[in-house]
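Undergrad: Sequence first, then the predicted structure:
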Amino acid sequence: MAELRPGDSTTIRDLVWKAVDEVQITDIHTHIYPHTFDGLLLWGIDDLLTYHYLIAETMRYLEMGYEHFWALPKRAQAELVWRTLFIERSPVSEACRGVLTTLEKLGLDVSKRDLEAYRRFFAEQKVDEYVDKVFELSRVKTVVMTNDPFDDAELGYWSKSRQQDERFRAALRLDALLNSWHTAVPKLQEWGYNVGFDINSQTVSEVRRFLVEWLNQINAVYMAVSLPPSFAFPEGSTRGQLISECVLPTARETCKPFAMMIGVKKLTNPALRLAGDSVGKANIDVVEYLCANYPDVKFLVTMLSRENQHELCVVARKFRNLHVFGCWWFLNNPSLVDEITRMRLELLGLSMTPQHSDARVLDQLIYKWAHSRRIIADVLTDKYVDLAATGWLPTEQEIRRDVAALFGENFWRFVG
Ligand SMILES: [Zn+2]
């Protein structure tokens, strides 16, 4: 074991980087699936290039109508993104850089700028082996998916019995249930749940039956919903009633956390479709109210607005049933991950999960974790160097213990 001396920052940096580099990650929120979910797993260069982050950036430079873009086949969309963001100007944005990191770590020569060569590489991959390769390169051991029974494509998967891939864990996504009740009701009825549009006692007990049955069927780790900045609780809305009458009692009974991803303004620009969502500052009082009034419910919370981050840390200091996680979406940029991770370590110590990938395309695990690892290692190094200045020298084993906590063990402990 390496011996540290006060002020020995080079050694501390080496130890932290090694620990962070080698840790096997649990990625607690993604949108990827096992390859056995036919047609749902996105991977390869055309899916990387048509990621909605890059489509939003591409459309800023084009005069083409949005509908014209969407009418193009995926391959042509990818070529347009490539030409606009990578060839006609330098790909400096985080999402662009991510494509290059991914290609480079897969052993491709990015200096050639040769889209067709990259396509040939991906065409030669066998999907099941490629999934193994991505997990290996990103050193991710487990991912938590986003599983929505109201999505017809997924429903088909869960109703068939297929071989399980233990690396992929499920999370029961409640967006359709909580945010579009009018479309959820007919589906619930079709599946044999005796619900109506009014939230009466019969509907409440049937929705609770639905939640418990689905949590069991997919062996979900937690329930999750994304919420607008205007989210309020308690409130008399359908969503408010469903949360208080159905979701929170189910979370309490099953000991499954309720994950709230707060701050997304859906379809600010509807013509951009999936790329059209925006951000707004939410009211932290909601999180505080829920944690205070439901002490026996576990809440996993991430917020999309930078402006909510400090108060979210403060609330987490007050309530141990709140686990703060990730730098979500528009926050997953180096400068913001650095700032937010520092703030969380300073206010919460190690009692949080600093990052999740939110990967929508399998290959994104490679770059999102490579980039996050580097920033988190830098921030941690600074913290240990500050400790060393007092004479408190972390051992290699202590550093590894702390790193393992941040990259997965804290989450599993919280989930129970
Ligand atoms: Zn997500």
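TA: Nice, I can see it.

Undergrad: After the helix or strand of the chain with the lowest mean pLDDT, which helix or strand is next?
TA: Counting by mean pLDDT, DSSP states H and E, the chain has its least confident helix or strand at helix 152-159, which shows a mean of 83. Sequence order places strand 168-173 as the next helix or strand after helix 152-159, per DSSP states H and E.

Undergrad: Which strands and helices lie in contact with that following strand?
TA: strand 140-144, helix 201-217, strand 220-227 (3 or more Cβ pairs under 8 Å, 6 or more residues apart in numbering; DSSP states H and E). To be clear about C-beta, it is placed using only N, CA and C from the backbone, and glycine gets the same treatment.

Undergrad: before we move on, the earlier item: hmm, who's touching the least confident helix or strand of the chain?
TA: In this structure, residues lying in contact with helix 152-159 by Cβ atoms under 8 Å, 6 or more residues apart in numbering are 36-40, 147-149, 217-218.

Undergrad: how far does that helix sit from the chain's center?
TA: Averaged C-alpha coordinates place helix 152-159 at 21 Å from its chain's average position (Cα atoms, centre = their mean, to the nearest Å).

Undergrad: can you give me the angle it makes with helix 201-217?
TA: Per axes from the mean of the first three to the mean of the last three Cα atoms, to 10 degrees, the angle that helix 152-159 makes with helix 201-217 is 70 degrees.

Undergrad: start the count at 30, not 1, going forward
TA: With the count now opening at 30, the last piece we talked about shows up as helix 181-188.

Undergrad: What is the subsequent helix or strand relative to the helix or strand hosting residue 396?
TA: Assigned by DSSP H and E, residue 396 falls within helix 393-417. Using DSSP H and E, the helix or strand that follows helix 393-417 in sequence is helix 425-433.

Undergrad: Run through who's touching the helix or strand following that next one.
TA: Per DSSP H and E, the first helix or strand lying C-terminal to helix 425-433 is helix 439-444. Defining contact as Cβ under 8 Å, 6+ apart, one finds that helix 439-444 is touched by 55, 57, 250-251, 285-286, 327, 329, 352, 354, 379-382.

Undergrad: likewise stretch 378-387?
TA: Here stretch 378-387 makes contact (Cβ under 8 Å, 6+ apart) with 56-60, 172, 331, 345, 352-358, 361, 366, 369-370, 373, 393-394, 397-398, 401, 405, 431, 434-437, 439-440.

Undergrad: Report the buried members of those residues.
TA: By neighbour count, with 16 or more other Cβ atoms under 10 Å, the contacts of stretch 378-387 hold 56-60, 172, 331, 345, 352-358, 361, 366, 369-370, 373, 393-394, 397-398, 401, 405, 431, 434-437, 439-440 as buried.

Undergrad: biggest separation within the contacts of helix 439-444, which pair?
TA: Farthest-apart pair in these is 285 and 379; separation 23.6 Å (Cβ to Cβ).

Undergrad: Just want to know which of these two has more residues nearby.
TA: Shown here are residue 285 and residue 379; by other Cβ atoms under 10 Å, residue 285 has more neighbours (23 against 16).

Undergrad: gap between the more buried one and residue 144?
TA: 44 Å (Cβ to Cβ, to the nearest Å).
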